[in-house]
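Colleague: Give me a 3D structure for the following:
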Amino acid sequence: MNISRTLKFVAVGALALAVAFSCKKKSEDDTQEYLDGYLTYVVPSFMASGASAEIQPTGVSYDDGKIPGFFWYTSLDTVKDTTRYEGDPASVLGNFTITIPEDYVGDVTLTVSAYATGYYLKTQASTITVINQEKSLYVPGLSDEDPVFVDERDGKSYRYVSLGGLDWFARNLSYKAGYPAMGTDLLRDIYGSVFNWEEAKTACPDGWRLPTGEDWKSLAIALGANPSDKDAVYKDIAGAMMVNATFNGDDLWEYSNKVKISATSKFNALPVGYAIIDNGACQFSDYTKYAVFWTADDFDKENALYRYLYVASPDMNISAGNKEVFAASVRCVRDSE
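Modeller: Residues are numbered from 1 along each chain as shown. Prediction:
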C-alpha cells in the first residue's frame, strides 16, 4: 500500500469535510426567524386633498413580546420614514402621519415594514383614493348657462334639465337623509346618496318629487323611445342618459360595443351601483357597471320598482328591490314651469 498516497487522500478528505462543516455552520447561523403575529393597521380608503391621518402599526412582536421597528414609504415620494427603531422604549408606537398635498388627486400607496435583527421583514401595503371635490369628477358638457336649483335644507346646488315637460336633476340627490356613496361623506357630493325606498319617497326638496313610473315614461318618450306602458323596458335610450365622465382620470362607464354614449339628454347618469343595507351599514356593489334610480311606484307589499342602466345594455331597464334593504340613487323631478 502506498502510505504517502493514502495520507494525501485522508488529508484532502478531511479538508473537504472541514469546508463542508464550516459552510453548513455558517448557513445555520444565517437562518433568520419570522416575527410573531400579523402586521396590521387601519388606513382610510378615502382621503381628501390636503388632509392628514395618523396610522398605528400593531400585531407583531418578537423574542417574547418585544416590539419591532417600523419604517414607512408612500408613493408620494421615495423617502424612507422610520418611526420606531429596534430597541426604542415601548412608549414609541411607530405611528406614521400621512399628509396629502392640497392639489393632489389620485391614488396613494402606503407601505409599512416591521423589522428586527435576525428576523425577516413583515410588510403590508394599502391604497388610499384621494378625493378633491372640485377636480376628482369630470363631467363633460356642463355649462354655466344650465339652470340651477338650490336646496334650502342644506344649500346644495343642482343643475337640472327639461325633458318631456319635466325638470330633472342632472345629478344624484346628495341629501344627508340617505347613505353616502361608497360609505364615505367625501363622495356624497360627487356621487350623491343612496336611499331605501321609504327614505327616497320623502327625500326630494319642496316642489320636487320622486319620479313615478309615468314620469320615467315621459322621459323615455322625450329621448325617442316608444314604450307600451310605464313598466316597459325602454329601448335604445341608455346612451343618451349616460355621460363619459371620469373620476380621478379614469372612465366611469367601462367601454361596451353595445352602448354608444352620447349624453344628449344631459341626464348625466353615473354608474354608482347600488347597496344593500345590513344593520345600519351599506354594502355597495357594481360600481362602474350600474346606475340605479328609485321610482315612486311599489311592486308589492315588500318591494318597489326601480329603473337602471347597465354598462353593456342600450336600454333603460326595470326591476324591483326590497323597500327597506335595497338602496339606490334618487333623481328628483317636477313639472316644468
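Colleague: Regarding stretch 90-98, how distant is the last residue from the first?
Modeller: 22 Å (C-alpha to C-alpha, to the nearest Å).
Colleague: Counting neighbours, which bits of that stretch end up buried?
Modeller: For stretch 90-98, the buried set under the neighbour-count rule, 16 or more other C-beta atoms under 10 Å, comprises 94, 96, 98. (Glycine included, C-beta is placed from N, CA and C.)
Colleague: residue contacts, the closest residue to residue 184 other than its chain neighbours?
Modeller: Take residue 184 and drop its neighbours on the chain: the residue closest to it by C-beta to C-beta, 6 or more residues apart in numbering is residue 46, 4.6 Å away. Applying C-beta atoms under 8 Å, 6 or more residues apart in numbering to residue 46 gives the contacts 128, 129, 130, 131, 182, 184, 186, 187.
Colleague: so how far is residue 137 from the nearest residue to the first one once chain neighbours are set aside?
Modeller: Once flanking residues are discounted, residue 128 sits nearest to residue 108: 4.6 Å by C-beta to C-beta, 6+ apart. Residue 108 sits 18 Å away from residue 137 when distances are taken as C-beta to C-beta, to the nearest Å.
Colleague: again, but for residue 156
Modeller: For residue 156, the distance to residue 137 equals 15 Å [C-beta to C-beta].
Colleague: Equivalent analysis for residue 150, please.
Modeller: 20 Å.
Colleague: Those two: which has the busier surroundings?
Modeller: residue 137 (19 against 11; other C-beta atoms under 10 Å).
Colleague: just checking, the more buried one touches residue 187?
Modeller: No - look at residue 137 against residue 187 with C-beta atoms under 8 Å: they stay out of range, at 9.3 Å.
Colleague: Mind listing the shared neighbours of these two?
Modeller: Between them, residue 137 and residue 187 share no contacting residue, judged by C-beta under 8 Å, 6+ apart.
Colleague: Can you list the buried residues in stretch 220-233?
Modeller: 220, 221, 222, 223, 225, 227, 230, 232.
Colleague: Apologies, that question was intended for stretch 103-110.
Modeller: Buried-residue list, stretch 103-110, by 16+ other C-beta under 10 Å: 104, 105, 106, 108, 110.
Colleague: Tell me the one of those nearest residue 254?
Modeller: residue 106 (19.0 Å; C-beta to C-beta).
Colleague: Please report the distance of the closest one from residue 131.
Modeller: With C-beta to C-beta as the criterion, residue 106 and residue 131 are 10 Å apart.
Colleague: Give me the common contacts of those two.
Modeller: residue 248.
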